[in-house]
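**Q** Build me a model from this:
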Amino acid sequence: MDYLELKEIVKKGKKRAFFVFAQDEQLIFQVRDELRKKVVKEDSLSHIKLDGNRCTYEDIQNAISTYSMFNEDILVEVSNCHFMDGGQSSPMRELVEEYLKDPREDLYFIGYYKYENELSKKNFYLDKLKKKISPISIIEGIDSLKPKGVVGLVESLFAERGVEVNKNIAPFISEVFKGSSLQLEKEIEKLLAYTSGREVRKEDVLAIMEISDERHVMNLLDLIFTERGLGRNIKDILNLVNDLIYRGEKAEMVIGLIGSRLRLLFKLKVLKDKNGTTQDVMKQLKTGSAWYAERMFKIANAISISEYHKLFKVLLDHELTLKTTSVDTMSLLEMLILSLVNARDSK
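**A** I've put the predicted structure just below:
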């Protein structure tokens, strides 16, 4: 099901219990946030959040048995419900299954999990369970973004940031963008930083999304090499790597682009040490965008010389392994990224 359809179902309020799963976790969050807005009042104490990786059977049982001390609805949210992913049965799975068959009328429930790839998308267990649940429960897998969904998401991302744009901008972005919703959110943030309060135009979209996107490998580089130094959110980085490989990118090509970005940043670092100007950087980058040049300058200078030394050693070691052995290239790419982000100076 499209996430926009699910959001509409949430808004109508006829369903009280939701169980959703998707490869794109941000789409799950879109549905969850819509439910939060509908149910949870500001400063409410009636929102119970549990992590399926850490909570116990008793935690979930107590949560769905809770009654509000105030005149308001309760929302029980259980993330990381991988015990529902079709594997072996467990007490927690049986508990959630029974609840979805007979949910309370005075309590909202949402459980969810993210699956890693198309191979793990199909869940025969949940398909069977769909036929047994209550009419006020719903079990749905959320489809990856389609053009219509991208338009709606773009519009909501602008609205959340208090920005009004021409009605043709969202459809235009949906045409040029082909990544995940997490990547899209980052692209919108870059776009707003670039336009800095003025009207967003199509040429701005092209300037940013073409610069930062080559089938979204460049988004991966933006996560590894950031304006605050080397990336720290290794989970997001590896998820994006898996997404790129699933889309058909070659691990060898990704490794090559990581090396190219590192060498470019080091050149900019040297240029900075020689008191280079923004114009010098623009010339080095072969770009007419001063904003992009300044951003790359910041990224280059967020990495210390000692970190560059470690990074080049890591890169050379992995490139040598790639050229001289028959190692699995996907595994090598993951090890390269882990080694790169762990090359930070100790503080």
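
**Q** Can you report how many residues lie near Glu105?
**A** Counted with other Cβ atoms under 10 Å, the neighbours of Glu105 add up to 6. Yep, even glycine has a C-beta here, placed from its N, CA and C like the rest.

**Q** A strand includes it, no?
**A** No: going by DSSP: H, G, I helix; E, B strand; the rest coil, the assignment for Glu105 is coil, not a strand.

**Q** what's next to the helix or strand containing Ile60, contact-wise?
**A** Using DSSP states H and E, Ile60 sits within helix 57-64. Helix 57-64 is contacted from outside by Ile48, Leu50, Val76, Val78, Pro91, Met92, Leu95, Val96, Tyr99, Arg104, Leu107, Phe109, using Cβ atoms under 8 Å, 6 or more residues apart in numbering.

**Q** Near the second one, how many residues? Count them for me, please.
**A** Each residue near Leu50 was counted by other Cβ under 10 Å, and the total is 19.

**Q** surely it meets Leu75?
**A** No: contact criterion Cβ atoms under 8 Å: Leu50 and Leu75 do not qualify, at 11.4 Å.

**Q** picking that back up, filter the contacts of helix 57-64 down to the buried ones and hand me the ChimeraX line.
**A** A single ChimeraX command is used to select the members of the contacts of helix 57-64 judged buried by 16 or more other Cβ atoms under 10 Å:
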select :48,50,76,78,92,95,96,99,104,107,109
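
**Q** of the contacts of helix 57-64, closest to Ile208?
**A** Val78 (37.1 Å; Cβ to Cβ).

**Q** Just give the number of residues close to the residue nearest to the closest one when sequence neighbours are not counted.
**A** Of all residues not flanking Val78 in the chain, Gly111 sits nearest, at 4.3 Å (Cβ to Cβ, 6 or more residues apart in numbering). For Gly111, the neighbour count with other Cβ under 10 Å is 25.

**Q** Surely Gly111 is in a helix?
**A** No: Gly111: not assigned to a helix; according to three-state DSSP it is strand.

**Q** picking that back up, could you list the buried residues of the helix holding Ile60?
**A** Of all the residues in helix 57-64, those buried under the rule 16+ other Cβ under 10 Å are Asp59, Ile60, Ala63, Ile64.

**Q** With distance to Thr321 and pLDDT added, can I get the residues you listed in JSON lines?
**A** Shown next, in JSON lines, are the buried residues of helix 57-64 (distance: Cβ to Cβ, whole Å; pLDDT from 0 to 100):
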{"residue": "Asp59", "distance to Thr321": "45", "pLDDT": "95"}
{"residue": "Ile60", "distance to Thr321": "45", "pLDDT": "95"}
{"residue": "Ala63", "distance to Thr321": "48", "pLDDT": "92"}
{"residue": "Ile64", "distance to Thr321": "51", "pLDDT": "93"}
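
**Q** Okay, Leu265 and Phe312: tell me how far apart.
**A** 11 Å (Cβ to Cβ, to the nearest Å).

**Q** Could you do His47 as well?
**A** Counting by Cβ to Cβ, the gap from His47 to Phe312 is 48 Å.

**Q** Which stretches in the stretch 1-150 of the chain count as helices?
**A** Assigned by DSSP state H, counting those that start in this stretch, the helices in the stretch 1-150 of the chain fall at 3-12, 25-39, 57-64, 91-101, 124-129, 147-160.

**Q** Which of those has the highest mean neighbour count?
**A** The highest mean neighbour count among those, using mean count of other Cβ atoms under 10 Å, belongs to helix 25-39: a mean of 19.

**Q** So which elements touch that helix?
**A** When contacts are defined as 3 or more Cβ pairs under 8 Å, 6 or more residues apart in numbering; DSSP states H and E, helix 25-39 sits against helix 3-12, strand 17-22, strand 74-79, strand 107-114, helix 147-160, helix 181-195.

**Q** Convert the C-alpha atoms of the longest one to CSV, please.
**A** This means helix 181-195. Extracted in CSV, the C-alpha atoms of helix 181-195 (Å, rounded to 0.1, in the frame of the first residue of the first chain):
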residue,chain,number,x,y,z
SER,A,181,12.7,9.2,1.5
LEU,A,182,15.6,9.6,3.9
GLN,A,183,17.8,10.9,0.9
LEU,A,184,14.9,13.1,-0.2
GLU,A,185,14.6,14.8,3.2
LYS,A,186,18.4,15.5,3.1
GLU,A,187,18.0,16.9,-0.4
ILE,A,188,15.2,19.2,0.6
GLU,A,189,17.3,20.5,3.5
LYS,A,190,20.2,21.2,1.1
LEU,A,191,17.8,23.0,-1.3
LEU,A,192,16.5,25.3,1.5
ALA,A,193,20.0,26.1,2.7
TYR,A,194,21.0,26.9,-0.9
THR,A,195,18.0,29.2,-1.6
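
**Q** Looking at it now, give me its mean pLDDT.
**A** Mean pLDDT, computed over helix 181-195, is 82.

**Q** Any idea how far the helix or strand just after it is from the middle of the chain?
**A** Using DSSP H and E, the helix or strand that follows helix 181-195 in sequence is helix 202-211. Averaging C-alpha positions (Cα atoms, centre = their mean, to the nearest Å) puts helix 202-211 21 Å from its chain's average.

**Q** wait, doesn't Leu232 sit right on Val341?
**A** To be clear, residue 232 is Arg; Leu isn't right here. Yes: with contact defined as Cβ under 8 Å, Arg232 reaches Val341; the gap is 7.0 Å.
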